[in-house]
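J.: what follows is a predicted protein model with its sequence.
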Amino acid sequence: MKPVRLGMLVSGGGRTFQNMVEACRRGEVPGEVVALVSSSPKAYALERAKKLGIPAAVVRPRDCSGPEELGERTFAFLRKHGVQWALMGGYMHHVLVPEDFEGRVLNIHPALIPSFCGKGMYGRHVHEAVLKAGVKVTGVTVHFVDDEYDHGPIVHQAAVPVEPGDTVETLSARVFEAEKRAYPEAVRRVLAKEAGARPEGGKERVTRFYLVRHGETELNRTDCFRGAADVELNDLGRRQAAQVGRALEKVPFTAVLSSPMKRAWYTAQRISEARGLSPRPEPAFRNIDLGPWNGKPKKEVQQERPDLWEKWLTHPESLEIPGAETLRQVQERAWNRLLELLEEFRGETLVLATHTTVIKPILARALSVPEPWFWRFHIDHAAYAVLEHRSLRGWCLAAANRTDHLETFRPEPA
């Protein structure tokens with residue numbers, strides 16, 4: 001199926017435009033951004049479009065007699081480039097949607113409509129109003145565009161917590177991180193629904209990922225950080241690996257993929273052997289590299305760096321250890337590879353043996369869970385989660401932290 005041709009309307013820096021282009025090129029959205037219209041000749045989005053090789057035009061509201069002419073001139077450029085759907089990303093003007101684009105224009109608003117929306121509610125004005133109101137939750141809303149401000153059926157919403165001490169800048173940054181996930185997901189849903197993404201027989205295609213955490217190691221047992229320390233399973237861990245292998249032996253999986261690290265690889269081998277398969281190494285699913293914390297007892301970290309330890313407990317996604325990876329970096333590499341596997345094995349079942357610092361980021365990204373998300377999931381040794389991708393309805397968590405197959409269950413300290 002050919003990618004759907006998308007056009008974007010912007011007024012400013014173009015971060016939303018850039019994010020959508022990248023999401024399309026990663027395959028997260030079955031479309032291609034082919035045109036950009038800016039309401040300002042000074043918008044940095046125009047420079048982004050130039051670098052990306054995407055045709056762009058400026059249509060200034062002050063050069064038009066009103067919203068109707070603004071709409072005609074704006075959408076004329078999109079028609080010229082064969083645009084099928086229009087996406088607003090920080091577009092700050094009232095424009096009337098022409099008849100041939102009705103029901104084919106989406107917008108993202110930086111709050112949970114119907115709160116903090118309407119005329120004059122855009123950008124930092126929204127976040128200022130949120131902080132002034134003292135609400136505990138804000139978020140983003142993707143909705144269809146009609147002839148009223150921030151009106152039209154809602155496609156998708158994602159919640160974002162308002163933290164104590166937030167400023168407009170910190171809240172805005174957190175909301176944009178949610179937008180980066182929510183807008184592509186909403187566009188994907190709308191395009192999939194329009195295309196009727198169903199195979200012959202009218203059944204929805206489901207791709208399943210069994211996300212298996214490796215068994216126990218001595219570093220786990222002694223409450224040390226593992227990170228990039230390539231340690232083997234201990235006796236209990238080897239038994240756990242055999243038990244999860246037996247639990248999954250009747251699952252009709254196509255392949256077993258694994259982090260190349262010893263503890264995950266041994267677990268993958270025990271799962272594979274019942275089916276006469278060999279695991280396939282996937283470096284993108286290796287454990288996080290914690291730099292100087294690799295293999296280090298957690299008590300020592302707590303004593304030596306109480307500031308970083310506090311960050312680890314409260315917002316580990318923002319933790320930056322000198323010489324180490326961040327959880328955000330792990331999420332990007334793991335998620336991008338998962339999307340590639342989704343295309344390679346669409347409609348099939350895969351087993352992925354990996355680590356808790358890979359499984360949690362994948363689940364958070366698939367389910368659009370806002371930061372801080374790391375401690376909102378728990379995955380025990382040799383436990384597994386089942387993450388499904390449904391061709392029409394998107395991602396679904398079908399099972400989480402399954403441990404009923406373990407004969408000796410020893411939960412790991414938080």
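T.: Thanks, I have it.
J.: please spell out which residues along the host helix or strand of residue 397 are buried.
T.: Residue 397 belongs to strand 394-402 when elements are defined using DSSP states H and E. Within strand 394-402, the residues scored as buried using 16 or more other CB atoms under 10 Å are 394, 395, 400, 402. Where C-beta positions appear, they are placed from N, C-alpha and C, glycine not excepted.
J.: ditto for stretch 287-305
T.: Neighbour-count burial for stretch 287-305 flags 287, 288, 289, 290, 293, 294, 296, 301 (criterion: 16+ other CB under 10 Å).
J.: now render those residues as CSV, adding distance to residue 343 and pLDDT.
T.: As requested, the buried residues of stretch 287-305 are exported to CSV (distance: CB to CB, whole Å; pLDDT from 0 to 100):
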residue, distance to residue 343, pLDDT
287, 25, 97
288, 25, 96
289, 27, 96
290, 31, 95
293, 35, 95
294, 33, 95
296, 38, 94
301, 39, 94
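J.: from those residues, which land in strands?
T.: With DSSP state E as the criterion, strands contain none of these.
J.: closest to residue 109 among the residues you listed?
T.: residue 288 (34.0 Å; CB to CB).
J.: from what I can see that closest one touches residue 225, true?
T.: No. Using CB atoms under 8 Å, residue 288 is not in contact with residue 225, being 9.4 Å away.
J.: quick check: angle from the helix or strand containing residue 364 to strand 394-402?
T.: For residue 364, the host element (DSSP H and E) is helix 356-366. Put simply, helix 356-366 runs at 150 degrees to strand 394-402, going by axes from the mean of the first three to the mean of the last three CA atoms, to 10 degrees.
J.: where does the residue of the chain most remote from its centre sit, in terms of helix or strand?
T.: For the chain, the largest distance from the centre (CA atoms, centre = their mean) belongs to residue 65, which lies 41.0 Å off. Taking DSSP H and E as the definition, one finds residue 65 inside no helix or strand.
J.: tell me how far it lies from residue 77.
T.: From residue 65 across to residue 77, the span is 18 Å (CB to CB, to the nearest Å).
J.: could you find the closest non-adjacent residue to residue 105?
T.: Spatial nearest neighbour of residue 105, chain neighbours left out: residue 145 (4.1 Å); criterion: CB to CB, 6 or more residues apart in numbering.
J.: got the phi/psi numbers for the one you found?
T.: phi -100, psi 130 (degrees, to the nearest 10).
J.: wait, it touches residue 98, no?
T.: No. Contact status for residue 145 versus residue 98: not in contact, 11.6 Å apart, counting by CB under 8 Å.
J.: give me the neighbour count for residue 58.
T.: Residues within reach of residue 58, counting by other CB atoms under 10 Å, total 15.
J.: quick one, what contacts it?
T.: By CB atoms under 8 Å, 6 or more residues apart in numbering, residue 58 lies in contact with 37, 38, 39, 40, 41, 46.
J.: isn't residue 341 right next to residue 255, touching?
T.: No. Counting by CB under 8 Å, residue 255 is not a contact partner of residue 341; they are 9.1 Å apart.
J.: how about the contacts made by the residue with the shortest distance to the centre of the chain?
T.: Nearest to the geometric centre of the chain sits residue 365, at 3.2 Å (CA atoms, centre = their mean). Residue 365 sits next to 181, 331, 335 when contact means CB under 8 Å, 6+ apart.
J.: repeat the analysis, applying 6 Å as the threshold.
T.: 331, 335 (CB atoms under 6 Å, 6 or more residues apart in numbering).
J.: ok so residue 269 is a helix residue?
T.: Yes. Looking at residue 269 with DSSP: H, G, I helix; E, B strand; the rest coil, it is inside a helix.
J.: now it. Nearest residue, chain neighbours left out?
T.: Leaving aside its chain neighbours, residue 269 sits nearest to residue 279 (6.0 Å; criterion: CB to CB, 6+ apart).
J.: and the gap between the one you found and residue 238?
T.: On the measure of CB to CB, residue 279 and residue 238 end up 16 Å apart.
J.: which one of the two is surrounded by more residues?
T.: Legend: neighbour count by other CB under 10 Å for residue 279 and residue 238, higher for residue 279 (24 against 17).
J.: that one reaches residue 258, doesn't it?
T.: Yes. In this structure, residue 279 is within contact of residue 258 by CB atoms under 6 Å, at 4.4 Å.
J.: overlap in contacts, these two.
T.: Taking CB under 6 Å, 6+ apart as the contact rule, residue 279 and residue 258 both touch residue 268.
J.: tell me the domain ranges of the chain?
T.: Domain ranges of the chain: 4-195, 206-402, per automatic domain parsing.
J.: out of these, nearest to residue 408?
T.: Closest approach to residue 408 among the domains of the chain (CB to CB): domain 206-402, 6.7 Å.
J.: burial of the closest residue to residue 122 other than its chain neighbours, as a residue count?
T.: Closest residue in space to residue 122, ignoring its immediate chain neighbours: residue 92 at 5.3 Å, by CB to CB, 6+ apart. Residue 92: 15 surrounding residues under other CB under 10 Å.
J.: what about residue 15, neighbour count?
T.: Using other CB under 10 Å, residue 15 has 17 neighbouring residues.
J.: show me where this structure has its helices.
T.: In the chain, the helices defined using DSSP state H lie at 15-25, 45-52, 67-80, 124-133, 168-195, 218-221, 235-247, 262-273, 298-304, 306-314, 327-344, 356-366.
J.: determine the set of other helices and strands touching the fifth one.
T.: Okay, so that is helix 168-195. On a contact count with 3 or more CB pairs under 6 Å, 6 or more residues apart in numbering; DSSP states H and E, helix 168-195 meets helix 124-133, strand 137-144, strand 154-161.
J.: just send those back as JSON lines, with mean pLDDT and mean neighbour count too.
T.: Shown next, in JSON lines, are the helices and strands packed on helix 168-195 (pLDDT from 0 to 100; neighbours: other CB atoms under 10 Å):
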{"stretch": "helix 124-133", "mean pLDDT": "91", "mean neighbour count": "16"}
{"stretch": "strand 137-144", "mean pLDDT": "90", "mean neighbour count": "22"}
{"stretch": "strand 154-161", "mean pLDDT": "85", "mean neighbour count": "18"}
